[in-house]
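A.B. asks: got a structure for you, letters missing:
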């Protein structure tokens, strides 16, 4: 028998670095868009290198109908939530939304 340890083909493991630095936005209200058209906002309490987010006081913005991606005025209170980074499409600070109205059109409105 050999006393050799199996070698890792990738070499020594490096700590994953986040592609975004969200530290300046901690304790600030953020709006998040997800795959499938869902949207939510809340106070950013934490994040990790995979961009999993923790939002407190989260509110979900419900879609007007199943046929459109446009969110309506109806909301649902969620409280404390963990947003999986692989499902996040857009992260936006709340003040940016108030300065630049982000428009979403359904194909019927073109």
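C.D. replies: Cool, the structure landed. This one's a predicted model, so the numbers in the text were calculated from it and none came from an experiment.

A.B. asks: C-alpha only now, for contacts and for neighbours.
C.D. replies: Fine.

A.B. asks: what's residue 45 in contact with, if anything?
C.D. replies: 26-27, 53-56 (Cα atoms under 8 Å, 6 or more residues apart in numbering).

A.B. asks: Out of those, who's the most crowded?
C.D. replies: residue 55 (28 neighbours; other Cα atoms under 10 Å).

A.B. asks: Which other helices and strands does the helix or strand hosting residue 91 contact?
C.D. replies: In this assignment (DSSP states H and E), residue 91 forms part of strand 88-93. With contacts taken as 3 or more Cα pairs under 8 Å, 6 or more residues apart in numbering; DSSP states H and E, strand 88-93 sits against strand 29-34.

A.B. asks: What residues of the strand it packs on count as buried?
C.D. replies: 29-34 (16 or more other Cα atoms under 10 Å).

A.B. asks: Thought residue 54 was touching residue 82, still the case?
C.D. replies: Yes. Taking Cα atoms under 8 Å as the definition, residue 82 is a contact partner of residue 54 at 4.6 Å.

A.B. asks: one step back: what lies in contact with the strand holding residue 91?
C.D. replies: In contact with strand 88-93 (Cα under 8 Å, 6+ apart) are residues 25, 28-35.

A.B. asks: run the last query once more with 10 Å
C.D. replies: 22, 25, 28-44, 51-53 (Cα atoms under 10 Å, 6 or more residues apart in numbering).

A.B. asks: circling back to that earlier point, now the common contact residues for residue 82 and residue 54.
C.D. replies: 45-47.

A.B. asks: picking that back up, mind checking which of the contacts of residue 45 land in strands?
C.D. replies: 53-56 (DSSP state E).

A.B. asks: Mind putting those into JSON lines with pLDDT?
C.D. replies: Below are these laid out as JSON lines (pLDDT from 0 to 100):
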{"residue": "53", "pLDDT": "95"}
{"residue": "54", "pLDDT": "97"}
{"residue": "55", "pLDDT": "97"}
{"residue": "56", "pLDDT": "97"}
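
A.B. asks: Helices along this structure, start to end?
C.D. replies: 94-99 (DSSP state H).

A.B. asks: Tell me, please, the helix or strand in it that averages the lowest pLDDT.
C.D. replies: Ranked by mean pLDDT, DSSP states H and E, the helix or strand of the chain with the weakest confidence is helix 94-99, at a mean of 56.
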